[in-house]
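A.B. asks: Mind looking at a prediction? Sequence and model below.
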Amino acid sequence: MNRSRQAMSMFSRLQPTLRLLALILLLISPLLPADSAPPPKVQEAIQALFPQATRVDAKQGDVPVYPVYQLNELLGYAFESTDHSSLQGFAGKPFHLLVGLDVDGVLTGVRVLGHHEPVFLHGMGDKALLDFVEQYRQHPLSKPVVVGGRKPDSSDGQSITQFDGISKATVSVVILNESVLQSALAVARAYLEGFTSAPLATPRMDLFEPLDWQQLLERGLVQRWLLKPDELEQRLGHSLEHYPGMVHDQAFSELFLAYLDTPMSGRNLLGEQGFARLQSSLRDGEQALLVMSRGSYRHVPEDFTAASSPSRLLLVQNGQAIELHDMDFDNGALLDSLAITPPDDLQAHIFRIKTHAAYNPAQPAQVRLNVNLQRNHLVESQLVLEHPFEPDPRLFEIHQPSAAAKPSPVWLRLWQERWWQLALLGSALLLLSLIFTFQHRISRHTRAFHLLRGGFLLFTLVFIGLYAQGQLSVVNITTLLLALVDGFDIRVFLMDPVIFVLWSFTFISLFVWGRGLFCGWLCPFGALQDLVAWLGQKLRLRQWKIAEPLHRRLQWIKYGILLVLLVSALLSQTLAERLAEVEPFKTTITLFLIRSWPFVAYALLLLGLGLFIHKFYCRYLCPLGAGLAVLGRLRLFSWLKRIDACGKPCQHCRNHCGIGAIHRDGRIDYDECIQCLECIVILHDDQQCVATISARKKAEKSQRKAGSGALIYKS
């Protein structure tokens, strides 16, 4: 009773102190590191992927994951795609995804933490994207996934899963799919069994003959690595005497290495029973390595914990570090159970090489020893030493792997799937090049030329724009600038083959014909504006003529918009994406007006103005046209022919130019010209060119005079 009363009295006296400590911990807890749990947003997403989870550990491992548990049972791993895949999306930034993978290699789902894909941002919205990623729920990782298109052939018809894609966002969801699979496979190979191929060499169990320690050394079944003090001192640049515990008159380290899965080495070293116990302790595909050492610096430190991974020792093959795991074989009494008599004063461990490491014992490898010498509590020296390690290949049956084709890059697969679109687009670009090359010859046939141009614009609108989604955008320019700043990767631009081909052709043509070839022939929204202008003429709507001084000032608006977009892209890509909505391309061409009403109203307003003002948007607001105009100033030629009568006094071409790109003196403003070639048609039309009409009238008048003179002479 007295002891109980004393304990109660002591507890009463300690209560104020305990309360004070609790209060202090509560106050400083926001200042403590938050590594004990994932961020709240990630935690919430993990809970959605693993509804039964009761515990989520902090991110850990060389292949970063969040281990997820139900009580003490491991359910699987959650991981962020950006930790494992650097594949960039359409906007030049990667998807930020959270992926769940259970212990059986089945995806528990995918959550989108962030992205910069223009087609979803302020476009069709995230619902379509969220519906797409829902298809990953309960999908086995061992079964490949293709998105949309034709289902690839498979031997059983079931080894490949086809996910429904998203119309108008094919490139984005293909990139998302690759990001999911790349990151999931990286995690599975690091933490799950059965996701890497077995070694290509199988130990020959029929080869065995009794050997003693010396014979094992001579045949290379036990490999010796001797590190002398002189070698270390040469590498360090000073004597080992500066380091406590280092003895100069003995080996710095002497290691003995043996691959144990073959009877010639494993059975001779462990004995028949020990070798059998080792084989039963290894899981399918796992292998074992015996390491023994002595000297001043051994393969594990004195405080090494059994059944853990050594910090000093690694196996390296093909440039990849292979982690070793102590098997704690014979509970620390390994040397006593060996069937041979090794040298004295050895320390020995058997390490497990896990299946996912895909270690091939018949191929060259290296053993890496990490040397960390503490000189004092402030100064330490570090070295990494390597020694070749390769068991005798004659001890193995070498299996030639079946020729498995290396997966082609994502961008290449996209090009292959869209081959016919690219072929048709290439033919159209070839035709357009011929039109511009032989423009003077072709433009002599007025009606035929107008039919040709009208047909080409219809092709641009329907096929290039609405079907193939080949609408270029100022977003492509800002993405390129960001790529040049952050590190250029051409694969980002190869993801959309139609856009890539159009940009390549447009870029080259800028230095030949200027910006007009794209703006007047290859821009789907520009073609739509031409259609609207034609409709306005057919409806006999009065066309609004803007006075030339005001027209010249309004043209500078698009250059100001371009400058704002470029600056905003360097400050914030999200802001730039929002400001890029000044372009109505996404609303009209990409989403075909299926969008929230403010965007639709804005696009319809621009098209409505086009009924009265020819190509209003192109002339005054288009930042893409402004950017192309700047580059177009580097063109090599001024192709549009002018004659002496142009502007002096003839103004017919100028009055007929809907875009207002001809000056009063007859000069062509190539920064504004869309190369419709209408002025060339007029120049070659005997019924329109004032100079030709005037010359013809003079010739007729001269003929009449000559005819009158002849009649007078005869009379």
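C.D. replies: Arrived safely. Because the structure is predicted, anything quoted here is derived from the model rather than measured.

A.B. asks: Quick one: mean pLDDT over whatever helix or strand A321 lives in.
C.D. replies: In the assignment (DSSP states H and E), A321 maps to strand 320-322. What strand 320-322 shows for mean pLDDT is 73.

A.B. asks: What's the first helix or strand after that strand?
C.D. replies: Next in sequence after strand 320-322, counting helices and strands by DSSP H and E, comes strand 325-326.

A.B. asks: mean confidence for that following strand?
C.D. replies: Per-residue scores along strand 325-326 average to 87.

A.B. asks: Remind me what that strand packs against, helices and strands.
C.D. replies: Where contact means 3 or more CB pairs under 8 Å, 6 or more residues apart in numbering; DSSP states H and E, strand 325-326 is packed against strand 347-353. Quick note: C-beta positions are derived from backbone N, CA and C, even for glycine.

A.B. asks: Extract the C-alpha set from stretch 336-351 and format it as CSV.
C.D. replies: The C-alpha coordinates for stretch 336-351 follow below in CSV (Å, rounded to 0.1, in the frame of the first residue of the first chain):
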residue,chain,number,x,y,z
ASP,A,336,31.3,-23.1,-38.1
SER,A,337,29.0,-24.9,-40.6
LEU,A,338,31.3,-24.6,-43.6
ALA,A,339,32.4,-28.0,-45.1
ILE,A,340,35.9,-26.7,-45.7
THR,A,341,38.5,-25.0,-43.6
PRO,A,342,39.0,-21.3,-44.7
PRO,A,343,41.7,-19.0,-43.5
ASP,A,344,41.6,-17.7,-39.9
ASP,A,345,40.0,-14.6,-38.6
LEU,A,346,37.3,-14.4,-41.3
GLN,A,347,33.9,-12.7,-41.2
ALA,A,348,31.3,-14.4,-43.4
HIS,A,349,27.8,-13.7,-44.7
ILE,A,350,25.6,-15.2,-47.4
PHE,A,351,23.7,-12.5,-49.4
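
A.B. asks: quick one: buried residues of it?
C.D. replies: By 16 or more other CB atoms under 10 Å, the buried positions in stretch 336-351 come out as S337, L338, I340, P342, L346, Q347, A348, H349, I350, F351.

A.B. asks: Give me the distance from that stretch to the chain's centre.
C.D. replies: Offset of stretch 336-351 from its chain centre (CA atoms, centre = their mean, to the nearest Å): 50 Å.

A.B. asks: ditto for stretch 681-692
C.D. replies: Here the centre of stretch 681-692 is set off from its chain's centre by 54 Å, with CA atoms, centre = their mean.

A.B. asks: Kindly report the same for stretch 360-369.
C.D. replies: Distance of stretch 360-369 from its chain centroid, counting by CA atoms, centre = their mean, is 33 Å.

A.B. asks: That one: end-to-end distance?
C.D. replies: Length of stretch 360-369, first residue to last, CA to CA, to the nearest Å: 20 Å.

A.B. asks: Please apply the same query to stretch 642-660.
C.D. replies: This stretch, stretch 642-660, spans 16 Å end to end (CA to CA).

A.B. asks: Just the buried positions in stretch 588-604, please.
C.D. replies: Buried, per 16+ other CB under 10 Å, within stretch 588-604: T588, I589, T590, L591, R595, F599, V600, A603.

A.B. asks: scratch that, stretch 545-565
C.D. replies: Within stretch 545-565, judged by 16+ other CB under 10 Å, the buried ones are Q555, K558, Y559, I561, L562, L565.

A.B. asks: Using PDB, write out every CA atom in it.
C.D. replies: C-alpha atoms of stretch 545-565 as PDB (Å, rounded to 0.1, in the frame of the first residue of the first chain):
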ATOM      1  CA  LYS A 545     -14.200  49.300 -94.900                       C
ATOM      2  CA  ILE A 546     -11.800  50.400 -92.200                       C
ATOM      3  CA  ALA A 547      -9.900  53.600 -93.000                       C
ATOM      4  CA  GLU A 548      -6.300  52.900 -93.800                       C
ATOM      5  CA  PRO A 549      -4.700  54.900 -90.900                       C
ATOM      6  CA  LEU A 550      -6.900  53.100 -88.400                       C
ATOM      7  CA  HIS A 551      -6.300  49.800 -90.100                       C
ATOM      8  CA  ARG A 552      -2.500  50.200 -89.800                       C
ATOM      9  CA  ARG A 553      -2.800  51.000 -86.100                       C
ATOM     10  CA  LEU A 554      -5.100  48.100 -85.400                       C
ATOM     11  CA  GLN A 555      -2.600  45.700 -87.000                       C
ATOM     12  CA  TRP A 556      -0.200  46.300 -84.000                       C
ATOM     13  CA  ILE A 557      -2.700  44.700 -81.500                       C
ATOM     14  CA  LYS A 558      -1.700  41.200 -82.500                       C
ATOM     15  CA  TYR A 559       2.000  41.900 -81.900                       C
ATOM     16  CA  GLY A 560       1.100  43.300 -78.400                       C
ATOM     17  CA  ILE A 561      -0.900  40.100 -77.600                       C
ATOM     18  CA  LEU A 562       2.100  38.000 -78.800                       C
ATOM     19  CA  LEU A 563       4.500  39.900 -76.500                       C
ATOM     20  CA  VAL A 564       2.200  39.400 -73.500                       C
ATOM     21  CA  LEU A 565       1.900  35.700 -74.200                       C
END
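
A.B. asks: What's the mean pLDDT across that stretch?
C.D. replies: Mean pLDDT, stretch 545-565: 89.

A.B. asks: From E672, how far off is R664?
C.D. replies: R664 is 14 Å from E672, where distance means CB to CB, to the nearest Å.

A.B. asks: When the two are compared, which one has more neighbours?
C.D. replies: Between R664 and E672, E672 has the larger neighbour count (other CB atoms under 10 Å), namely 22 against 10.

A.B. asks: Thanks again, I'm all set now.
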